[in-house]
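K.L.:
the sequence and its predicted three-dimensional model are supplied below.
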Amino acid sequence: MGRITSNVGLITGIPITDTVDQLIAVAGAPRDLLLSRTQGLQQQQLAINTLSTRLLSLKFELNKLKVADPYEARTVTSQDKETLTATLANNGKPAFGTYQVRPAQTATAQQLISQRFEDLDDIQNTGTLSFGFGGFVDEGRSLSELNSGAGVARGQIKIIDRSGTSAVIDLSLAQTVDDVIEKINAETTINVTASTDGDSFKLTDTVGGAGAITVQEVAGGTTAADLGLDDGSITKNGSTATGADIFALYTGTKLTRLNDGNGVQIRDAVDDLQFDLIDGTQLTLDLDDAATLGDVIDKINALDAAKLTAAIASDGKRIELHDLTSGGGAFSVSSVDTGTAAEDLGLTEAAVGADITGRRLVAGLRDTLLSSFNGGAGVGTLGDIDITDRLGTPAVTVDLSSAETLGDIVKLINDSSADVTAAINSARSGITITDNSGGTGDFIIADSGATTTATNLKIAVNDQVASVNSGKLHRQTISEATLLADLKGGLGIVASDVKITDSNGVSTSIDLNKKGAEAKTIGDVIDAINASSVGVEASINSTGDGILITDTALGSKTLGISDTNGTLAADLNLTRASKTIDINGQDTQVIDGSNAYSVDLSDVDGSPDSISLSSLNGGAGIDDSDILITDSAGKTFALDFNGVDAGISTVGQLIDRINERATSAGAGVTASINSAGTGILLTDTAEGSGNLKVEDVNGTAAADLKILSNDNTTTEINGSGLFSAQSASQGALDTVASRINDLDAGVTASTFFDGVGYRLSLVVDQTGAANEIALDAEDSGFSFTVTSKARDALLVLGEQQVAGSGILISSPDNSFGEVIDGVDLTVVKASETAIDVTVASTDATFVKNIESFVSAYNAIRSELDELTDFDDTDYTTGLLFGTNEALRVDTELSRLITDRYRGVGSFESLEEIGLSVDDEGKLQLNKSELKEAFADNPNGLKSFFTDETNGLVTKFNRAIESLAGADNGLLGNRNDSLQATIDINQQRIDRFNESLDRQREALLLQFYQLEQIIANLQQSRTALDSLQPLAPLAISSRN
């Protein structure tokens, strides 16, 4: 039978639901009372938790006062922000005081401009314009390396020429040998030029006179003596004066400075050197932790002092070893396994008896070791050369076998009887030899004897020319020992992950910044690549200015390298397109990370092929993504502009790559310039049943090139409108500029009209002396003038009363982070006077933290006032009125605020530092008194708040822990107690509800049954009412 669904009885009309609800309400009164009590407990619990939260917030604010920072906070100000800015470094804590700093020079980038051309096409259209960074064969040493590391005192010198004319040369800002020479040669008052001669400075009088060249100290300085030019050191010989030798190896020479700055390869946790002694003893040496030449010598001498000794040779250029043993063996030194330490230290020279005299490790003041040329391979064994001047004078034989540096070569040739002059070439990359005879015949320099010396030095000539230029001798600038942090002009390269794909299409990602095993040197990068699973081999390239990646898989796909996170591959120039070269008769793909760049001037006639991809789409270029090309026969091939094809920079190169890739894939697709000269034309030659398609895979490169097509009927895709016919015919000078910019070489090129003609401007992107461009325009028809030098910013720290006083520091980018520990300085402009940089204490952080403390404390007070309130009008109370917990919090906080804190220093109460309690129990802050207390005694305030035993923060934290701590705190315990009662009450409420539900069901059932009974009674009455009386029976008689 179903339950009544109506609220009112259908038979009786009784309001059943209302009646049952009223009955249940009466029965549920005890439940409702319990529920009300439970809700009150929950409100108390919420109040307890709110109070606990307020206390923990107070603790948080107090802990800001427990650390040292607020009391030791500094502010840094510059006396002249327009000249020098000064800011506090992250986590910096510089010593208080005023520092005198003079921004002596701003960092600048090198800028060059070409000669003037009548129009934009007025260039010779032949040859190559080449440039790079570093590799100068006459780069001057740092003055700090001179005089056994003592350097040169900053100051002035006075030079008197042979005529008696004098000039004071200010060398107080000189940092290198080049600076000294430039300063002297820029002085026009005297007729003296400066140069170097090996390890000495040399002065030459260019006019003459009866006297002698003299150099004197100024203001009691020692600069002349340190330069080897004082009277006690200088050697005078007519019009020249040569100073004393001031450069040699010493025990403090850093290994990184050896071999023309290419250093020494030291491998981690393995032996580097092996010594085989005469008596058969074999010694091995691990050079780990060796940083200086002295470290190496000490380690060698510590191997076995009775058998082997090492020392710096008497000429100060090399290491000498002496074998103290005897026997029938041979004395030799070698590198262990694949290392190069023995070679780098010059110790692989053949022994003479028991002695090994090592190879020369350093050149002169402005010189290059011959062993550094050809990328570190050297120039081979030298011997004689024969020089025949243009007058036909019998050949002069010059013995170059003793030469160890390029300077030696120049000196030996110039000291010979040959009528020629040898000098460093204009590109500073090699040497030139000029005929001085005045003849018109052939100028001949030839190999002589058993060597190929002239050929090796690239000075062999037999022609009607006045001079011969060796061109680039490729001084090595990168070795396996080179630190990544030293690259990019000193800005450094950050290790990151790279992806390498070999010619079989095998790819791998190489993690070069794995925590604890980060790549730090070029050697680390090379080793990681060579240890990978792809078919490539990494090494230093033949020019010694980058990493060479050689494909060993010899497959048909394209070798490529890309960055997966970071920019290491790009920074090392390894994201270039691969090129194919012949290696031992095998066509092999390589990627050369050389920092040398060149522009071929033979095809700058403004054809569409020369248009750079970066100039397309209004200068936006094309997306670095993938393109998939499918011919009508279904053959596909791809271009990856973010990987193996990233080096494509011009339309012509792109067309060539498409055609190469189509051939490799066996696809019938040909790329060319369209007939209008405004875009790329793709033509299907497969004659298949499908259609030519070009799709973007993960970007918009195809769309950017206007060759995106999924047309089902096309056999030709015309990228018309990619560029204009006018842009395709840009001037040759503009084309040169565009090609330089496309190289992304750190040089920005542009053309400009100077009012008469057109010039090419080259601006190096980065400032700093290390970013001087090495420009070789010998056969390009270009000549350039330097309009802005590459130079570092210079800062002088210290007193400026005397020229040369203070410490001179340099920076490539105007930023100085370590001059004043904890202060970042930036040079805005140069100044002749020192600027005060003041580091002072500041109360800003402390005052702010006190304000936060006051705010947090007063918030608790406000909360307590509300929770313990008693309204005498309506006799209502706060949730925690009269509770022990509220009373305890009130009492504890009041005591802590008004307490005296003895034994913590000069301050014993909050009142003494400007904090008082008002009538409502809240804290009031007198900021002036607080700031005065901080100014008078910040350490006293620090002790007052931070003392580990009796300090205010310590005591507050103890109290808060006892009140609101997670373990056995008063409020926490009260919360738990309330929660337990709430849980019990809830259980009782649940049981009440279950009982009431049962009662409800029973009552509803009774009413249902009542309705049934009444319904049945009504049915019975109806039946009775329907009964009719029967008529009496009639009896008939028979007749």
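P.N.:
Thanks, I have the structure now.

K.L.:
could you export stretch 31-41 as CSV, CA atoms only?
P.N.:
C-alpha atoms of stretch 31-41 as CSV (Å, rounded to 0.1, in the frame of the first residue of the first chain):
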residue,chain,number,x,y,z
ARG,A,31,17.6,18.2,20.1
ASP,A,32,17.2,21.9,19.2
LEU,A,33,18.6,22.9,22.6
LEU,A,34,21.6,20.7,22.0
LEU,A,35,22.0,22.1,18.5
SER,A,36,21.9,25.6,19.8
ARG,A,37,24.6,24.8,22.4
THR,A,38,26.8,23.2,19.7
GLN,A,39,26.5,26.3,17.4
GLY,A,40,27.6,28.4,20.4
LEU,A,41,30.6,26.1,20.8
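
K.L.:
might you list the low-confidence residue ranges for this protein?
P.N.:
1-6, 605-606, 711-713, 725-730, 799-804, 1027-1039 (pLDDT under 70).

K.L.:
distance from the lengthiest helix in the chain to the middle of the chain?
P.N.:
What stands out as the longest helix in the chain, according to DSSP state H, is helix 970-1025. Its chain's C-alpha centre and that of helix 970-1025 lie 75 Å apart, by Cα atoms, centre = their mean, to the nearest Å.

K.L.:
same question, stretch 955-962
P.N.:
46 Å.

K.L.:
restricting to C-alpha, output it in PDB.
P.N.:
Output of stretch 955-962 as PDB, limited to C-alpha atoms (Å, rounded to 0.1, in the frame of the first residue of the first chain):
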ATOM      1  CA  LYS A 955      60.000  36.400  25.100                       C
ATOM      2  CA  PHE A 956      57.100  37.200  22.900                       C
ATOM      3  CA  ASN A 957      57.700  34.000  20.900                       C
ATOM      4  CA  ARG A 958      57.700  31.900  24.000                       C
ATOM      5  CA  ALA A 959      54.400  33.400  25.200                       C
ATOM      6  CA  ILE A 960      52.800  33.000  21.800                       C
ATOM      7  CA  GLU A 961      54.000  29.400  21.600                       C
ATOM      8  CA  SER A 962      52.400  28.700  25.000                       C
END
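
K.L.:
any chance you could list what contacts that stretch?
P.N.:
55-56, 58-59, 62-63, 892-893, 896, 899, 901, 969-970 (Cβ atoms under 8 Å, 6 or more residues apart in numbering). Every C-beta, even on glycine, is put in place using the N, C-alpha and C of the backbone.

K.L.:
so of those residues, which ones are in helices?
P.N.:
Among those, the members found in helices (DSSP H) are 55-56, 58-59, 62-63, 892-893, 896, 970.

K.L.:
those residues, buried ones only, as a ChimeraX selection?
P.N.:
This is how ChimeraX selects the buried members of the ones in helices among the contacts of stretch 955-962, with burial counted by 16 or more other Cβ atoms under 10 Å:
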select :55,56,58,59,62,892,893,896,970
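
K.L.:
mind putting the ones in helices among the contacts of stretch 955-962 into JSON lines with distance to Ala774?
P.N.:
Converted to JSON lines, those look like this (distance: Cβ to Cβ, whole Å):
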{"residue": "Leu55", "distance to Ala774": "69"}
{"residue": "Leu56", "distance to Ala774": "65"}
{"residue": "Leu58", "distance to Ala774": "66"}
{"residue": "Lys59", "distance to Ala774": "64"}
{"residue": "Leu62", "distance to Ala774": "62"}
{"residue": "Asn63", "distance to Ala774": "58"}
{"residue": "Glu892", "distance to Ala774": "76"}
{"residue": "Leu893", "distance to Ala774": "74"}
{"residue": "Leu896", "distance to Ala774": "72"}
{"residue": "Leu970", "distance to Ala774": "77"}
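
K.L.:
quick check, nearest of the ones in helices among the contacts of stretch 955-962 to Asn814?
P.N.:
For the ones in helices among the contacts of stretch 955-962, the closest approach to Asn814 (Cβ to Cβ) belongs to Asn63, at 39.7 Å.

K.L.:
can you get me a residue count around Ala167?
P.N.:
A count of nearby residues for Ala167, using other Cβ atoms under 10 Å, gives 15.

K.L.:
before we move on, back to that, identify the farthest-apart pair in the ones in helices among the contacts of stretch 955-962.
P.N.:
Top of the distance list for these (Cβ to Cβ): Asn63 and Leu970, 20.4 Å.

K.L.:
quick check: phi and psi on Arg791?
P.N.:
Arg791 adopts backbone torsions of phi -150, psi 160, taken as degrees, to the nearest 10.

K.L.:
and Ile648, that's in a helix?
P.N.:
No - under the criterion used here (DSSP: H, G, I helix; E, B strand; the rest coil), Ile648 is coil, not part of a helix.

K.L.:
and the spatially closest residue to it that is not a sequence neighbour, how far from Leu775?
P.N.:
Nearest in space to Ile648, with sequence neighbours left out and distances taken as Cβ to Cβ, 6 or more residues apart in numbering, is Leu654 at 5.2 Å. In this view, Leu654 and Leu775 are 29 Å apart by Cβ to Cβ, to the nearest Å.

K.L.:
what's the answer for Ala450, then?
P.N.:
38 Å.

K.L.:
look at those two and report which has more neighbours.
P.N.:
Leu775 (22 against 9).

K.L.:
quick check: chain neighbours aside, which residue is closest to the more buried one?
P.N.:
Closest to Leu775 by Cβ to Cβ, 6+ apart is Phe131, at 4.7 Å.

K.L.:
check the gap between the one you found and Asp69 for me.
P.N.:
50 Å.

K.L.:
more neighbours: these two, which one.
P.N.:
Between Phe131 and Asp69, Phe131 has the larger neighbour count (other Cβ under 10 Å), namely 24 against 14.

K.L.:
all helices for the stretch 751-900 of the chain, in order.
P.N.:
With DSSP state H, counting those that start in this stretch as the criterion, the stretch 751-900 of the chain has helices at 844-867, 884-898.

K.L.:
whoops, I mixed them up, the stretch 101-250 of the chain
P.N.:
In the stretch 101-250 of the chain, the helices defined using DSSP H, counting those that start in this stretch lie at 177-186, 223-226.

K.L.:
just say which of those is most tucked in.
P.N.:
Stretch with highest mean neighbour count among these: helix 223-226 (a mean of 25; mean count of other Cβ atoms under 10 Å).

K.L.:
packing partners for that helix?
P.N.:
For helix 223-226, the packing partners by 3 or more Cβ pairs under 8 Å, 6 or more residues apart in numbering; DSSP states H and E come out as strand 156-160, strand 214-217.

K.L.:
distance from the chain centre to the longest one, please.
P.N.:
It refers to strand 156-160. Between the centre of strand 156-160 and the centre of its chain there are 44 Å (Cα atoms, centre = their mean).

K.L.:
residues making contact with that strand?
P.N.:
Applying Cβ under 8 Å, 6+ apart, the contact partners of strand 156-160 are 166-172, 184, 187, 190, 192, 203, 211, 213-219, 221, 223-224, 227, 229, 803-804.

K.L.:
and if you look at the shortest one?
P.N.:
Taking contacts as Cβ under 8 Å, 6+ apart, the residues outside strand 214-217 that touch it are 155, 157-160, 203, 223-225, 227, 229-231, 234, 241.

K.L.:
only the buried subset of those residues, as a PyMOL command please.
P.N.:
To isolate the buried ones among the contacts of strand 214-217 in PyMOL, judged by 16+ other Cβ under 10 Å, type:
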select buried, resi 155+157+158+159+160+203+223+224+225+227+229+230+234+241
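
K.L.:
ok, of the contacts of strand 214-217, which one's closest to Thr838?
P.N.:
Gly155 (28.2 Å).

K.L.:
what's the distance between that closest one and Leu616?
P.N.:
Distance from Gly155 to Leu616, by Cβ to Cβ: 57 Å.

K.L.:
any idea how far apart the tips of stretch 126-139 sit?
P.N.:
The straight-line separation of the ends of stretch 126-139 (Cα to Cα, to the nearest Å) is 30 Å.

K.L.:
also stretch 766-773?
P.N.:
Stretch 766-773: ends 11 Å apart by Cα to Cα.

K.L.:
and what of stretch 741-748?
P.N.:
6 Å.

K.L.:
which parts of it are buried?
P.N.:
In stretch 741-748, counting by 16+ other Cβ under 10 Å, buried: 741-747.
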